[in-house]
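Student: how does the following fold in three dimensions:
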Amino acid sequence: TSFGTVSIPIAGLAPNTTYHFQVVAYNSGGTSYGADVTFITSAGQAPPAATTQPASSITASFAILNGNANPNGAETHSYFQYGTTTAYGTTTALSDLGVGGVTENLQYGIGSLLPNTTYHYQIVAYNSGGTSYGADVAFSTLPLPPSVTTQAASNNGGNGTLTFNASVNPNGGQTYAAFQYGKTTSFELGTTASVSIGTGTTAQPVSTTVAINNKAVTYYFRAVASNPGGKTDGATLSIYGGAPQ
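Tutor: Residues are numbered from 1 along each chain as shown. The predicted structure follows:
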């Protein structure tokens, strides 16, 4: 028949937020509701903000990881985690961001990567208010440049044509191959039309026939091939344009 104090702690509230509450009591005579009362949680320490940015300077074995973080007023540390899956598995060294309220751009170069491989990474930043994770970002390393072996050519019995031959391994990247040729090692007669070798990882034969206007001349030639990882020039060989002397 007298007032009693009711006190129940609650947790998990957002900082700097207005909340409403009321007490509710009931017995066999009915239910009573206390008046609405409000309170505002203190600002507290917010965790840092963190955003993962696209990777840059990507090669077959190297990339720069990019991101930014805002300490939100507390001593903050940041790092990247990366790997070939979203489980990551490898972390970079820590970067100290201080206690400011300004967004800082972060970069970290990583090497010894596998060529032609997809990697995932994200930025992680933490302070006394908690830990923040940037979104997952993926990038693919470039393939190795193609491997090229210039092979012996044929003058087709001195009939006014030359058939150039080579072996080209795309090394996993979309590869195009051609031949440069000329009467000197400057290959002044030009380059044959490129042919697609595909994206495989085994050597493929390449052959192209060209017409020549002077059979009594030695011709120099080499195979050339390129993919997103770079361009490779094969060794320079030579062949006499006419029948055996």
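
Student: the worst-scoring helix or strand of the chain on mean pLDDT - contacts with which helices or strands?
Tutor: Every helix and strand in the chain was compared by mean pLDDT, DSSP states H and E; the lowest is strand 37-40, with a mean of 92. Other helices and strands packing on strand 37-40, by 3 or more CB pairs under 8 Å, 6 or more residues apart in numbering; DSSP states H and E, are strand 18-21. (Each C-beta comes from the backbone N, C-alpha and C, glycine too.)

Student: any idea which helix or strand comes after the strand it packs on?
Tutor: The helix or strand immediately downstream of strand 18-21 is strand 24-27, counting by DSSP states H and E.

Student: so what strands line up beside that next one?
Tutor: The pairing partners recorded for strand 24-27 under DSSP bridges are strand 30-33 (antiparallel).

Student: hmm, who's touching the partner strand?
Tutor: Applying CB atoms under 8 Å, 6 or more residues apart in numbering, the contact partners of strand 30-33 are 22, 23, 24, 25, 26.

Student: list the buried residues in the next helix or strand along the chain from the least confident helix or strand of the chain.
Tutor: Reading on from strand 37-40 to the C-terminus, the next helix or strand found by DSSP H and E is strand 49-56. Neighbour counts over strand 49-56 (16 or more other CB atoms under 10 Å) mark 50, 51, 52, 53, 55 as buried.

Student: averaged pLDDT, strand 49-56. What do you get?
Tutor: Summarised as a single mean, pLDDT over strand 49-56 is 98.

Student: what lines up beside it in the sheet?
Tutor: Strand 49-56 pairs in its sheet with strand 63-70 (antiparallel), by DSSP bridges.

Student: low-scoring stretches of the chain, by residue?
Tutor: Low-confidence segments of the chain (pLDDT under 70): 43, 244-245.

Student: can you redo the buried residues of strand 49-56 as a markdown table with distance to residue 191?
Tutor: Formatted as a markdown table, the buried residues of strand 49-56 follow (distance: CB to CB, whole Å):
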| residue | distance to residue 191 |
| --- | --- |
| 50 | 49 |
| 51 | 46 |
| 52 | 42 |
| 53 | 39 |
| 55 | 34 |
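
Student: biggest separation within those residues, which pair?
Tutor: Using CB to CB, those span at most 15.9 Å, a distance reached by 50 and 55.

Student: still on that earlier bit, may I have the least confident helix or strand of the chain as PDB, with CA atoms only?
Tutor: The C-alpha atoms that make up strand 37-40 are tabulated as PDB, following Å, rounded to 0.1, in the frame of the first residue of the first chain:
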ATOM      1  CA  VAL A  37      10.000  10.600 -19.400                       C
ATOM      2  CA  THR A  38      13.000  11.200 -21.700                       C
ATOM      3  CA  PHE A  39      16.700  11.100 -21.300                       C
ATOM      4  CA  ILE A  40      19.700  11.700 -23.700                       C
END
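
Student: how about residue 195: what's its closest non-neighbour residue?
Tutor: Using CB to CB, 6 or more residues apart in numbering and skipping residues adjacent in sequence, the residue nearest residue 195 is residue 177, 5.8 Å away.

Student: correct me if wrong: the one you found contacts residue 169.
Tutor: No: the criterion here is CB atoms under 8 Å, and residue 177 misses it with residue 169 at 10.4 Å.

Student: who has more neighbours, the two?
Tutor: residue 177 (25 against 20; other CB atoms under 10 Å).

Student: residues of the one helix or strand that one maps to that come out buried?
Tutor: Using DSSP H and E, residue 177 falls within strand 175-182. By neighbour count on 16+ other CB under 10 Å, the buried set for strand 175-182 is 175, 176, 177, 178, 179, 180, 181.
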